[in-house]
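Chemist: quick check, what structure comes out for this input:
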Amino acid sequence: MPPDPPGRVALVTGAASGIGRAAAAAFVDEGTAVALLDVDAAALGTTCALLAGRGGRVMALPADVRDLTSVEAAVDTVVQHWGRLDAAFNNAGVPGPYVSLDEYEEKDFHDLIDVDLVGVWRCMRAEIRQMRRQGFGVIVNTSSMLGSAAMPANGPYVAAKHAVEGLTRAAALELGGAGIRVNALAPGVTRTGMTSAVSDDLLRDVPMHRIAEPEEIAAAAVWLCSPAASYVNGAVLVADGGWLAG
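Modeler: The predicted model follows:
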């Protein structure tokens with residue numbers, strides 16, 4: 001396990017809002033330098049200014065996880081600026097339409113998979129190459145409670161999150177001997193822009209009878225990236241208020 005020197009560096013994708021913004025704030029609060037990556041440049045600038053105002057060492061990297069060149073350039077910028085990449089939280093994602101499989105448009109299917117699955121792989125590819133060079137690192141991929149279950153009218157999203165968990169486990173097997181840990185975080189229903197239409201029926205199935213706050217999920221992501229989780233590898237940490245226990 002690598003040492004944990006002062007001045008750790010993290011990259012967060014989907015950092016402009018929601019869980020990504022909360023995770024970036026949590027990293028800042030523990031003294032980590034954070035590179036913020038998102039396709040929404042305006043919202044990303046707002047997040048960056050907010051965290052810089054709290055004394056954080058942050059940089060905004062407008063980039064699209066659908067574009068490998070864009071992702072590679074972002075990781076290169078982080079390393080050129082701060083010299084290393086200790087942790088990466090691959091959190092960018094989209095919900096897709098809520099329709100039955102026979103009504104799903106092919107373009108919508110490809111668009112969702114391109115962000116929620118292939119986008120995670122693109123980020124991992126660039127991050128792993130840097131972490132191999134430096135001999136250490138931690139990667140956390142955002143899955144979902146639907147990475148271990150299913151839901152009607154949400155099939156492509158379910159498929160993408162199942163695949164993210166498989167990709168995470170495969171990477172953990174490949175990289176554990178190289179000093180790189182890879183885990184997934186599976187949030188339940190969380191108060192973000194993606195969950196504005198959450199039904200009361202779904203929340204009734206959560207034993208804690210409430211929605212998660214982004215900061216609660218962010219805390220789990222930051223823990224997985226920390227030395228406190230030094231022997232956690234290839235795991236899926238579920239933070240769903242107990243929904244999957246039912």
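Chemist: list the contacts of the helix ranked longest in the chain.
Modeler: Scanning the chain for the helix with the most residues, using DSSP state H, yields helix 155-175. Under the contact criterion Cβ atoms under 8 Å, 6 or more residues apart in numbering, helix 155-175 has outside partners 95-96, 100-101, 104, 108-109, 112-113, 116-117, 120-121, 124, 128, 131-132, 139, 141-144, 146-151, 181-184, 186, 233-236. To be clear about C-beta, it is placed using only N, CA and C from the backbone, and glycine gets the same treatment.
Chemist: derive a ChimeraX selection command for the buried subset of the residues you listed.
Modeler: Selection command for ChimeraX covering only the buried members of those, criterion 16 or more other Cβ atoms under 10 Å:
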select :95,96,104,109,112,113,116,117,120,121,124,128,131,139,141,142,143,144,146,147,148,181,182,183,184,186,233,234,235,236
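Chemist: just the ones of the contacts of helix 155-175 in helices?
Modeler: Using DSSP H, the subset of these located in helices is 108, 109, 112, 113, 116, 120, 121, 124, 128, 131, 132.
Chemist: format those residues as CSV; extra columns: pLDDT and distance to residue 66.
Modeler: Output for these, formatted as CSV (pLDDT from 0 to 100; distance: Cβ to Cβ, whole Å):
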residue, pLDDT, distance to residue 66
108, 98, 14
109, 98, 14
112, 98, 11
113, 98, 10
116, 98, 11
120, 98, 11
121, 98, 11
124, 99, 15
128, 98, 19
131, 98, 22
132, 98, 24
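Chemist: now distance to residue 222 too, for the residues you listed, in JSON lines please.
Modeler: As requested, these are arranged in JSON lines below (distance: Cβ to Cβ, whole Å):
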{"residue": "108", "distance to residue 222": "33"}
{"residue": "109", "distance to residue 222": "33"}
{"residue": "112", "distance to residue 222": "27"}
{"residue": "113", "distance to residue 222": "28"}
{"residue": "116", "distance to residue 222": "22"}
{"residue": "120", "distance to residue 222": "18"}
{"residue": "121", "distance to residue 222": "23"}
{"residue": "124", "distance to residue 222": "19"}
{"residue": "128", "distance to residue 222": "20"}
{"residue": "131", "distance to residue 222": "18"}
{"residue": "132", "distance to residue 222": "23"}
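Chemist: just those residues now: which is nearest residue 205?
Modeler: residue 116 (22.9 Å; Cβ to Cβ).
Chemist: just to revisit the earlier point, farthest pair within the ones in helices among the contacts of helix 155-175?
Modeler: Maximum pairwise distance in the ones in helices among the contacts of helix 155-175, criterion Cβ to Cβ, is 35.3 Å, between 108 and 132.
Chemist: what's near enough to touch the nearest residue to residue 41 once chain neighbours are set aside?
Modeler: The spatially closest residue to residue 41, leaving aside those adjacent along the chain, is residue 62, at 4.0 Å (Cβ to Cβ, 6 or more residues apart in numbering). Shown here is residue 62, whose contacts under the criterion Cβ under 8 Å, 6+ apart are 37, 38, 39, 40, 41, 44.
Chemist: just for this protein, where's the confidence low?
Modeler: Residue ranges of the chain with pLDDT under 70: 1-6, 194-202.
Chemist: burial measure for residue 164, as a count.
Modeler: For residue 164, the count of nearby residues is 25 (other Cβ atoms under 10 Å).
Chemist: and after the helix or strand harbouring residue 23, which helix or strand comes next?
Modeler: For residue 23, the enclosing helix or strand under DSSP states H and E is helix 18-29. Past helix 18-29, heading to the C-terminal end, the next element that is a helix or strand (DSSP H and E) is strand 33-38.
Chemist: and the next helix or strand past that next one?
Modeler: helix 41-53.
Chemist: who touches that next one?
Modeler: 15-17, 21, 24-25, 28, 34, 36-38, 58-62.
Chemist: for stretch 16-28, same thing?
Modeler: Among residues not part of stretch 16-28, those counted as contacts by Cβ under 8 Å, 6+ apart are 10, 12-15, 34, 36, 38, 40, 43-44, 46-47, 50-51, 54-58, 87, 89, 91-92, 142, 187, 190, 192-194, 213-215, 217-219, 221-222, 225.
Chemist: cheers, nothing more for now.
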